[in-house]
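Q: 3D model of this:
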Amino acid sequence: MPPKKKQIKKPWTKQHVAKFNMLYNWFVKNHNDNANEENFISENKRKLMTLIDKSHWGMGTKEGMYFMISRYLFNKNNNDKYVKLYAQAGFDLKQEKDKLEGKNELDEKEKENLRSIEYLENCLELHKPKMNDNIKEHYKHLLLMILIKQPPLRTSFYISAKFLRLQADNNKTDNYVYITRKGKLKVYFIVNKDKASNYKLYNMNKGLSKIKLEDPELIEFINYSFITYPRTYLFEINKKPISETSILNYLRDITNTPLINFNMIRSAFITYFYEHNKTFDKREALSKMMRHSQQTASKNYLKVSDVENIPPDEKIKELNKEIINLSSLLSDCNKKCKVYESNPDNEKKFKKKRNDIIYLLNKGRKSKHETIIKYKILFNEKTNTFY
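A: Predicted structure coming up:
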């Protein structure tokens, strides 16, 4: 009998681990809460592709999941036919995504969740921090300030950056928010490790890793944040950096947009910047501050829409603020309704209250229109009764 071939394995990086954990948590929450983390991919490889395809994830996320599953299955058994099937699915999606990006058009998720810089500015203005705010509310305001008052970086920077007081303490490995009060208060983002670190431009020119913040309000608020809430990381809970899921939830909560993400913020910023800055030099400077190339910005992030841009006057700004306020109220009401409806006792009380109102209406009593809508009461014209 010939000797058994040694199983070949490919690198399993932190990025693969992050995608694996994301997929597992999603699968447990939506499809099988008893799934075994160690082998849930192997046990469900026949249906995972269909489930991912039907999910609300964007094309880039789906593509990454397919390639991660292919790598996982390869390292388990490189003869598994699903290795090629998932790799091909990822490749097909990548090609489709590249074609769409070349047209700079919004996909369906972006059409529903991409928000303009003007909208985000209104969200920031309406979410003014208060002295009695908890740390999470403070973080939401800080996050949105950083994302719209400074060219936004990738998510990985914000969840890994530490505060730095002495430039000599820069270990050239970690990411930092460097605050210096020598002379005029200044703040820098120092990016030692991100997706672009191995790109030739950023690998050869280490000076590009230090990004000076220019907005005075943002500089003052970051300094205030560090003094008011002394901590190691830019965003931390219980002395640990927050997760990518947590920071994404902060963003979605403060913008009242269920599926917005950091790539959409980068798209909104670039689209707004390009509308107001036509020269190559200014766009090139922006690309370096966002740590990609101008070609990447133009292809992957710049978005065109068939909706005509209307310069926002004061009335439109006020209306936009009102929309955000109403969206927030609606979101709160929906959350309360879900909690209420999930409680059997509340459901019984609701039915009893509804029956009491119907009884009184049929006895000639009047009720507010809002009450009739709330309890879904209808009127039968033939029998002249409410039901």
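Q: what's around residue 157, how many residues?
A: 24 (other CB atoms under 10 Å). No exception for glycine: its C-beta is placed from N, CA and C like everyone else's.
Q: which residues in the stretch 101-250 of the chain form strands?
A: If DSSP state E, counting those that start in this stretch is used as the criterion, the strands of the stretch 101-250 of the chain fall at 162-164, 176-180, 186-190, 210-212, 236-237, 240-241.
Q: Output those strands in TSV; the columns should cover distance to residue 112.
A: Putting those into TSV (distance: least, CB to CB, whole Å) gives the following:
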stretch	distance to residue 112
strand 162-164	35
strand 176-180	33
strand 186-190	31
strand 210-212	31
strand 236-237	30
strand 240-241	30
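Q: Tell me which of the ones you listed lies nearest to residue 57.
A: strand 240-241 (23.8 Å; CB to CB).
Q: That closest one: how far from the chain's middle?
A: The chain centre lies 18 Å from the centre of strand 240-241; the measure is CA atoms, centre = their mean, to the nearest Å.
Q: hang on, the earlier thing: so which of the strands of the stretch 101-250 of the chain is nearest residue 270?
A: Across the strands of the stretch 101-250 of the chain, closest to residue 270 is strand 210-212 (CB to CB), at 15.9 Å.
Q: which stretch among the strands of the stretch 101-250 of the chain comes nearest residue 149?
A: Once the strands of the stretch 101-250 of the chain are compared by CB to CB, strand 186-190 is nearest, at 11.3 Å.
Q: The closest one pairs with which strands?
A: Strand 186-190 has the following sheet partners, assigned by DSSP bridges: strand 176-180 (antiparallel), strand 210-212 (antiparallel).
Q: a markdown table for those, including mean pLDDT?
A: Shown next, in a markdown table, are the strands paired with strand 186-190 (pLDDT from 0 to 100):
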| stretch | mean pLDDT |
| --- | --- |
| strand 176-180 | 97 |
| strand 210-212 | 95 |
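Q: out of those strands, deepest packed?
A: strand 176-180 (a mean of 20; mean count of other CB atoms under 10 Å).
Q: Okay, helices next: where are they in the stretch 51-200 of the chain?
A: Assigned by DSSP state H, counting those that start in this stretch, the helices in the stretch 51-200 of the chain fall at 59-76, 81-103, 108-113, 117-126, 135-149, 155-158, 200-204.
Q: Of all the strands paired with strand 186-190, which one is nearest residue 366?
A: In terms of CB to CB, the element of the strands paired with strand 186-190 nearest to residue 366 is strand 176-180, at 60.7 Å.
Q: Among the strands of the stretch 101-250 of the chain, which comes closest to residue 45?
A: Using CB to CB, the nearest of these to residue 45 is strand 240-241, at 32.5 Å.
Q: Now do that closest one: which elements does it pack against?
A: Using 3 or more CB pairs under 8 Å, 6 or more residues apart in numbering; DSSP states H and E, no helix or strand is in contact with strand 240-241.
Q: What strands line up against that strand, and which way round?
A: For strand 240-241, the pairing partners within the sheet under DSSP bridges are strand 236-237 (antiparallel).
Q: Go ahead and name everything in contact with the strand it pairs with.
A: 135, 136, 242, 246 (CB atoms under 8 Å, 6 or more residues apart in numbering).
Q: what do you get for stretch 19-33?
A: So stretch 19-33 is contacted by 35, 37, 40-41, 44, 48, 51-52, 55, 64-65, 68-69, 72, 245 (CB under 8 Å, 6+ apart).
Q: go on, stretch 199-218?
A: By CB under 8 Å, 6+ apart, stretch 199-218 touches 145-146, 149-150, 178, 186-192, 196-197, 219, 222, 288-289, 291, 293.
Q: No more questions from me, cheers.
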